[in-house]
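Visitor: A structural model of the following input is requested.
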Amino acid sequence: MTGIEASAAVGTELLFENEFVRVWEMALGPGETCPTHRHMHDHVILYAEAATIRAQVGGRPVIQHVEDGLVSYRAVGRDGLPPHSITNASDAPSRHFVIELLGPSASDVAGEHQHNGRGRTETLT
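Guide: Predicted structure coming up:
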């Protein structure tokens, strides 16, 4: 995604911020795609309801089938993650929360998502 300007807003609405955390809501209607954004802080994502999300992972398109209660954590490394966007690939609204942990990343390099197993990812061809 070289040359694409990415926002630091990793959700559709900022719900809370202090010197330690920033909490975002990401609400997408059916078929809606969020603006391109970039994660620069380690973060926790919480899905309070099931969702089907289309995204790019490692340059490949994937569909993420998410169950309610999915929680994931990701360290972004010192350089942050590449810009990306996600699309709600279902016929129902999708809503999840992103909790950014402000301050330096816990890792020098970006890590994989660590999660509680409430979902699966399908790589598209």
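
Visitor: can you list the weak-confidence ranges in this protein?
Guide: 1-5, 58 (pLDDT under 70).

Visitor: where do the strands of it begin and end?
Guide: Secondary structure of the chain (DSSP state E): strands at 13-17, 21-28, 43-47, 51-57, 60-66, 71-74, 87-88, 94-101, 114-115, 119-123.

Visitor: what sits up against the fifth one?
Guide: Looking back up the chat, that one is strand 60-66. With contacts defined as C-beta atoms under 8 Å, 6 or more residues apart in numbering, strand 60-66 is touched by 47, 50-56, 89, 96, 118-124. Using the backbone N, CA and C atoms, a C-beta is placed for each residue, glycine as well.

Visitor: put the buried members of those into a PyMOL selection.
Guide: Buried residues within the contacts of strand 60-66, by 16 or more other C-beta atoms under 10 Å, are selected in PyMOL with:
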select buried, resi 47+50+51+52+53+54+89+96+119
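
Visitor: which ones are touching residue 25?
Guide: 11, 12, 13, 15, 95, 96, 97.

Visitor: which ones are touching the first one?
Guide: When contacts are counted by C-beta under 8 Å, 6+ apart, residue 11 is found next to 24, 25, 26, 97, 98.

Visitor: so what's it closest to, chain neighbours aside?
Guide: Nearest non-adjacent residue to residue 11, counting by C-beta to C-beta, 6 or more residues apart in numbering: residue 24, 2.6 Å away.

Visitor: what's across from the one you found in the sheet?
Guide: residue 14, residue 98 (DSSP bridges).

Visitor: are any of the contacts of residue 11 buried, and which?
Guide: Using 16+ other C-beta under 10 Å, the buried ones in those are 24, 26, 97, 98.
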